[in-house]
Structures are given as C-alpha cells and as structure tokens.
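> Turn this into a model:
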Amino acid sequence: MPRVTVAPERRDRRGALRLRTEAAFLRRERLSERSCQVFAPGEKLVVCFRPFLEQLASSDLSLKTIQKHVDNLWALGGDLIRGLNETPSLRKVPVERLVSDSIQDGGPLLYHCDSEEQQRSFESTCRKFHRFPSRNRLAKTHQ
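Next up, the predicted model:
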C-alpha cells in the first residue's frame, strides 16, 4: 500500500509543507470489483482528512511529527475501509460519522500494531483529529 508522505524539499513562502497526493491509494482501491464499491467513501475520507493535514503542514511541528500524524491518519483510513468491506451495512452511514464514531474514544486498536508506542502515537493523532474544529462541524451536520 503506498504511503502518503510529506515532501520536506517543497516549501512555499509561508513555510507550509505540501503533501503528496493520496491518488495512488485511491487508484489502488479501483483494482477490484469489491474495492470499487469502497472508492467513494475513500474519496470522502481524503476530503475529511485534508483540512487537518493542511493545518499540520502549516504548523510549527517538526517534519518527523507531521509524518507520524500522516501515517496514523493513513492507518485510520485503512481501518475504516476494512470495516466497510467487512460490514457492508456501514456503507450506508455517512463517512464523517464513521470517522467521528471511530475516533471518539482515542481511535480503534490498530490492526497490525508492532508496539504499544505505535498504538499510543495512533491514539494521540486520533485525539488531535477529534479536537480539530472543521472535522467536528462536519460530524455534527451528519448526525
């Protein structure tokens, strides 16, 4: 699965980092018939995550910290898409609500977690994203 990465060599005049596109992930989701059903929610996840990622990129956080948050959001998106594949009835629930429900208590347990440190980092990102203002407004409009 391709990873979203922060391109440290690219900075605009404000110092904001530009994020590489998630298009590779979305193209990969088109490969199978079953995955095509998940493509629309995958696009909506990207739309839901993008303002948070842009805020991180324009923050004073170190590149390493930003990359950890990007990786953790990638893992969250993968977990949500896995849930949609395993439970087809979730496809009827708005993506914003799925995200909100998923991160409400610090996020789900990671599917492939190598360490407690990785899980704590993931939970930290979920809490930070849960507190992010525009995401909270989106979730409230879909409840």
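
> Glu123 versus Asp105, what's the distance?
Taking C-beta to C-beta, to the nearest Å as the measure, Asp105 falls 9 Å from Glu123. For the C-beta atoms, the positions are set from N, CA and C on the backbone; glycine is no exception.

> Would you mind telling me which of the two has more residues around it?
Glu123 (18 against 11; other C-beta atoms under 10 Å).

> can I assume that one is in contact with Gly106?
Yes - between Glu123 and Gly106 a contact is recorded at 4.2 Å, counting by C-beta atoms under 8 Å.

> Need phi/psi at Asp114.
Asp114 has phi and psi values of phi -90, psi -20 when expressed as degrees, to the nearest 10.

> how many other residues sit next to it?
8.

> And for Ile81?
Ile81 has 19 neighbours, counted by other C-beta under 10 Å.

> Okay, helices next: where are they in this protein?
Counting by DSSP state H, the chain has helices at residues 23-29, 33-57, 63-86, 95-103, 116-131, 133-141.

> Out of the ones you listed, which is the most enclosed?
Stretch with highest mean neighbour count among those: helix 95-103 (a mean of 20; mean count of other C-beta atoms under 10 Å).

> so what does that helix touch, helix or strand wise?
Here helix 95-103 touches helix 33-57, helix 63-86, helix 116-131, helix 133-141, going by 3 or more C-beta pairs under 8 Å, 6 or more residues apart in numbering; DSSP states H and E.

> what does the model give Phe132 for pLDDT?
With respect to pLDDT, Phe132 scores 89.

> Excluding sequence neighbours, find me the nearest residue to it.
Beyond its immediate neighbours in the sequence, the residue positioned closest to Phe132 (C-beta to C-beta, 6 or more residues apart in numbering) is Phe52, lying 4.9 Å away.

> still on that earlier bit, reformat the helices of the chain as TSV; add distance to Leu110.
Shown next, in TSV, are these (distance: least, C-beta to C-beta, whole Å):
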stretch	distance to Leu110
helix 23-29	18
helix 33-57	17
helix 63-86	6
helix 95-103	12
helix 116-131	6
helix 133-141	20
